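Chemist: Predicted structure and sequence below. I'll ask about it afterward.
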Amino acid sequence: MTAISNDTDRPQRADARRNRERILESARIVFAQSGAEAQIDDVARQAGVGVGTVYRHFPTKEALLSELVRQKFRVFADRAREALESDEEPFAAIERLMRRNAETAASDAGIQYAVANAGEQAWAQAQAEQDELLAVTAALIERARRAGTIRPDIEAVDIAMLMCGVCSTMGGRPAPFEWRRHLDLVVDTLRPR
């Protein structure tokens, strides 16, 4: 298994940090445009850096996909913590979080590709971020369960699975496969009967 460079491994020079961010932003664009056909050369060209620079940060395409997934999970976990700390009605907080995260995914075709196409290694590299998101989501669900506003059998992994399903309907699907309608149905299934 190839180790992925991580922000916490060692401090990076300012130019290296800028290159890394350009590479990640370029990867989102390239994966959104080319999907599985995207190559590291394309990412380097889009970022305006050499291929070697990309490989120094991300030794494989899988490592690059993994970092995109990790970044998105970090954002989603931060938002879940905000929801948990809010005074909002518990189910409303979960619904708002789901809608906010879905809007983010819908506006980022690169992350749609990364989440749908990242291999086992990329998911394994993002395990800590997934675990954090699931833990905070579980706390949100427990709060809604105590309020009686969510089905008692719902678990954090159910929300993750349902959100993956919603994301699979994004990205240029023709009508009637509209992800917002899909999300409405998903949210409705979470309510107690």
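Modeler: Great, that's in hand.
Chemist: Work out the gap between the lowest-mean-pLDDT helix or strand in the chain and the centre of the chain.
Modeler: Within the chain, no helix or strand scores below helix 109-117, which has a mean of 75 by mean pLDDT, DSSP states H and E. Mean-position distance between helix 109-117 and its chain equals 8 Å (CA atoms, centre = their mean, to the nearest Å).
Chemist: and it, what does it pack onto?
Modeler: helix 14-34, helix 61-85, helix 90-106, helix 156-168 (3 or more CB pairs under 8 Å, 6 or more residues apart in numbering; DSSP states H and E). Every residue, glycine included, has its C-beta placed from N, CA and C.
Chemist: buried sites along that helix?
Modeler: Judged by neighbour count (16 or more other CB atoms under 10 Å), helix 109-117 contains these buried residues: 109-115, 117.
Chemist: Which single one of those is nearest to residue 139?
Modeler: Taking CB to CB as the measure, residue 139 sits nearest to residue 115 out of the buried residues of helix 109-117, at 23.0 Å.
Chemist: if I pick that closest one, what's in contact with it?
Modeler: Under the criterion of CB atoms under 8 Å, 6 or more residues apart in numbering, the neighbours of residue 115 are 69, 72, 105, 164, 167.
Chemist: Check the residue lying closest to residue 49 once chain neighbours are set aside and give its pLDDT.
Modeler: Computed as CB to CB, 6 or more residues apart in numbering, the closest residue to residue 49 that is not its neighbour in sequence is residue 19, at 5.5 Å. Residue 19 is assigned 91 on the pLDDT scale.
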